[in-house]
Structure formats: structure tokens, C-alpha cells
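> sequence and predicted structure are below.
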Number of protein chains: 2
Amino acid sequence: MPKVRVHNVTISLDGFMAGVNQRPDAPFGDGVGWGDELHGWFISAMEDAAAGRTGTDVDYFVRGDQNIGATIMGRNMFGPQRGPWQDDSWKGWWGENPPYHHDVFVHTHHVRPTLEMAGGTAFHFTDEPPEAVLRRAFDAAGGKDVRIGGGAAVIQQYLRAGLIDEMHLVIAPMLIGRGERLFDNLEDVTEGYRVSEMVGSPEVTHAVLVRHPR
Amino acid sequence: MPKVRVHNVTISLDGFMAGVNQRPDAPFGDGVGWGDELHGWFISAMEDAAAGRTGTDVDYFVRGDQNIGATIMGRNMFGPQRGPWQDDSWKGWWGENPPYHHDVFVHTHHVRPTLEMAGGTAFHFTDEPPEAVLRRAFDAAGGKDVRIGGGAAVIQQYLRAGLIDEMHLVIAPMLIGRGERLFDNLEDVTEGYRVSEMVGSPEVTHAVLVRHPR
């Protein structure tokens, strides 16, 4: 059975995925720069993966792409705009050839036409509920797994709906203080999961949550 | 200058020090047993320390006792009772010879006479504010550091008052879902700290927070 997986979701030591006031020039909010301790491990892992190096961080990073046939994300992960689109010029954070190379479903209240990008990535915009989007994603994945990208709100929504099989988290040595906390409003949900791996690297700690068998 | 230190404070992967409904037969609340993944590392570290073994977990555990001259804790760490004491028979969780061997100050709205125990431990009960209790603790410590024991409420209170110099946290591979979260209502406080160490062992992840120089 294909799975629904979450990978490389980085939280601060105090549990936040991002700070407050996320905006175009500060996509992770106040006090959280892209190159700092929160995502520093991720940037290094990308470079290591490109260079063919191995190691704890890069191995977990690479796992996140293995056997993934489609991705689902929230609109805030696709772009910093809020409310109706002013025009269709924004094509995501990732340039003309995004690193997905498969169908990506973007949850948004403001749908727009599918964006076909170079390299096989297509961004589909949908206001359907998680179950319906997941069906479309499984169809698009052709037997491979589906990845839930983020941010926190989308991951929480899929967790609450009982749809996530496996979640890889990364704890980074940083304090954020306020913002988007991953483990909020998940009281009953976490009962359904156990921690199957917890491994420290020199930079961060990796943890994997898996759903209890039903 | 003697310091105010916190050690061996264990939180679940989702950030809780204890679950809900803490009571005599479940001191860490619903779903959290003393021997399970939350404190399993601590029990092993105590045994390793007693046997003279070393290792990441036992080394951090042992650090928590080094150069400590007095301890401050909340009433819930001293005992499971709430409200006025029914009598003076409860003498803490630790038996006749508690593992402190110095003065211990217990924050409580319900003061009672000092309890002199075997081995040099004395429990003092006080309804004074943190600053006043800390002055008494430093006097008692005779030049050594003062340790804040817990639970979450007392640690948060001392953090908010800007009184803690150093805090050692342990992240355990368990999910609790609801209960006492360490990083709650500390929005502005965490700005004053940075993560100076983060080290994984096979069991848990250790992190140390230190205050920015003023």
C-alpha cells in the first residue's frame, strides 16, 4: 500500500516551524533567516546530496525524495501572498525547474489554473478537502507514496484527519519563542503515533513518528 | 559568581514535562509511567552513575549534581497533594535520606515547619517570591550554585523573572499530547537564551540553553 509521508520538517527546540509575521522578505517570519540554525542542516544536506556525500543528515534528507510520486502542500509553502492572487506571475519559490518533478497539489481558497513547469513539475491549486486531494495525489503518484510538504497547518490538518503514516521531524538547536508550533491542537492525534527513530547528528536531532497499526 | 542552573529536565518530543491528571499513583499524569520512554534514560543514568560507568547520558546526569549547594522546587515536585496539608506525615518522594544533602526550598502557598532529613537534606517551605527564595538559597549554598528542580511552573516562573543562567533539557522519544508544556508562555524569555549544546545519545537528545551575556 502506498503511504502518506512527511519529511524534513524542521522545528526549533521550543517546537516552532516558523516565527510570526511570515512575509516575502522573511518567509519563516521574524527572527528566522533561511541560513540560520533552523535550516542550516538542510542547506548543508542539499549540498552534500548534490556532491554525493553521505552522513546522517544527508541520508535523512535524501530519504524524503525516495519513492515519492506526488506532493501536497499549503498555499503558504507555495508563496508568501495572502488572499486572492493579484496575478498569475508567482510560480513558487523554486524557479523554472522546481525540485519536485511530479504533480504538486496546493491547498488554497483561491484556485487558479494549473502551472506546468519545466522538469515535470505541475502545480495544481485546489480548495477540496484533504481526503479528496489525497485521492487525486495517489492517482497522480502511480503507485508511489505521497508526501505532505507543509507548513504546519497542512500537516496538522492531515494528522487530525488520520491520513499520515509516517513523519520525519528534525529538531534544530534554536529557540523561536512564538509562531507556528507543529504540536498544537494535536492532543488526541499523537496517541496514534509512536517514535520509531531518534538519532542525533552533530547539527540536529532526527525523529521519525509512525502510526500504530490499526 | 554562583549560578542558577536547571538540569535533567526531560520533555517529550512534543514538548511536555508531564501529562494531565497528575496524582499520587500517577505523578507524571495520564499515560506517563515512571519507567517508560520519558524517564527511562534517567533511571539508567542513575544506575550507571551508582556503578561508576560513564557515557553521554550518565555524564549529563552527574553534571546536574556538581557544585550545587541548594535546590529550589515547586510543591508538586515535593508531593502529589494539593491545597492545605492534611498533616505533616508526607516527607517527599525520596525516603528518609533524600539525594539532595543540602537545603531544599519548596515553593508553596501552604507553609509548614522545616523538615530535617537524614544525610543533610532540609526541606524549607516558603510562600515568598522567587527573588527572595533565591537569596535564601544562595546564602544556604555557601558559594556554590543553586539548582531549580521543577516542575514546569517553577522553571517558567524563574525564567520569566530572568533568574536562570543555564538550563539542561533532555528530549525523549515519546509523545504525550497534552499536559504541562515547558515552552509555554515564554515568548519573550527565549530571546534571552541560545542553545550552546545539543548532543544525541542512543536514548535521548541533550540540549543546554545558556543566557546571552548582559
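Sure, I can see it. Numbering: from 1, shown residues only, chains lettered A, B, ... in the order given.

> from here on, just use CA atoms for contacts and neighbour counts.
Will do.

> quick check: residues of chain A near chain B?
A:14-15, A:173-178, A:183, A:186-191, A:193-195, A:197-205, A:207 (C-alpha under 8 Å from any C-alpha of the partner chain).

> so which residue is dead centre in chain A?
Centroid-nearest residue in chain A, with C-alpha atoms, centre = their mean: A:Gly149, separated by 2.4 Å.

> for chain A, what spans make up the helices?
A:40-50, A:56-63, A:75-78, A:130-141, A:152-160 (DSSP state H).

> in CSV: these, plus mean pLDDT and mean neighbour count.
Shown next, in CSV, are those (pLDDT from 0 to 100; neighbours: other C-alpha atoms under 10 Å in any protein chain shown):
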stretch, mean pLDDT, mean neighbour count
helix A:40-50, 96, 17
helix A:56-63, 97, 18
helix A:75-78, 92, 21
helix A:130-141, 98, 17
helix A:152-160, 95, 19
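
> okay, those helices in a markdown table with distance to A:His107 next?
Output for the helices of chain A, formatted as a markdown table (distance: least, C-alpha to C-alpha, whole Å):
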| stretch | distance to A:His107 |
| --- | --- |
| helix A:40-50 | 24 |
| helix A:56-63 | 24 |
| helix A:75-78 | 6 |
| helix A:130-141 | 8 |
| helix A:152-160 | 8 |
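
> and the contacts of stretch A:197-206?
Residues outside stretch A:197-206 that contact it (C-alpha atoms under 8 Å, 6 or more residues apart in numbering or on different chains): A:41, A:56-57, A:60, A:168-173, A:207-209, B:173, B:198-205.

> with stretch A:81-95 instead?
A:23-24, A:76, A:78-79, A:110, A:112, A:115.

> cool, stretch A:155-166 as well?
Contacts of stretch A:155-166 (C-alpha under 8 Å, 6+ apart): A:3-6, A:130, A:148-149, A:182-186, A:189, A:208-211.

> strands - which of the contacts of stretch A:81-95 land there?
A:Leu115 (DSSP state E).

> from the contacts of stretch A:81-95, which would you call buried?
A:76, A:78-79, A:115 (16 or more other C-alpha atoms under 10 Å in any protein chain shown).

> run through the neighbouring helices and strands of the helix or strand of chain A at the bottom of the mean pLDDT ranking.
Between all helices and strands in chain A, the lowest mean by mean pLDDT, DSSP states H and E belongs to helix A:75-78, at a mean of 92. Helix A:75-78 sits against strand A:103-107, with contacts defined as 3 or more C-alpha pairs under 8 Å, 6 or more residues apart in numbering or on different chains; DSSP states H and E.

> picking up where we left off before, pull out the buried members of the contacts of stretch A:155-166.
Looks like these have A:3-6, A:130, A:148-149, A:182-183, A:186, A:189, A:208-211 buried, using 16+ other C-alpha under 10 Å.

> next step: those residues restricted to strands.
A:4-6, A:148, A:208-211.

> dump those residues to a markdown table, plus pLDDT.
Shown next, in a markdown table, are these (pLDDT from 0 to 100):
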| residue | pLDDT |
| --- | --- |
| A:Val4 | 98 |
| A:Arg5 | 98 |
| A:Val6 | 98 |
| A:Ile148 | 98 |
| A:Val208 | 98 |
| A:Leu209 | 97 |
| A:Val210 | 97 |
| A:Arg211 | 94 |
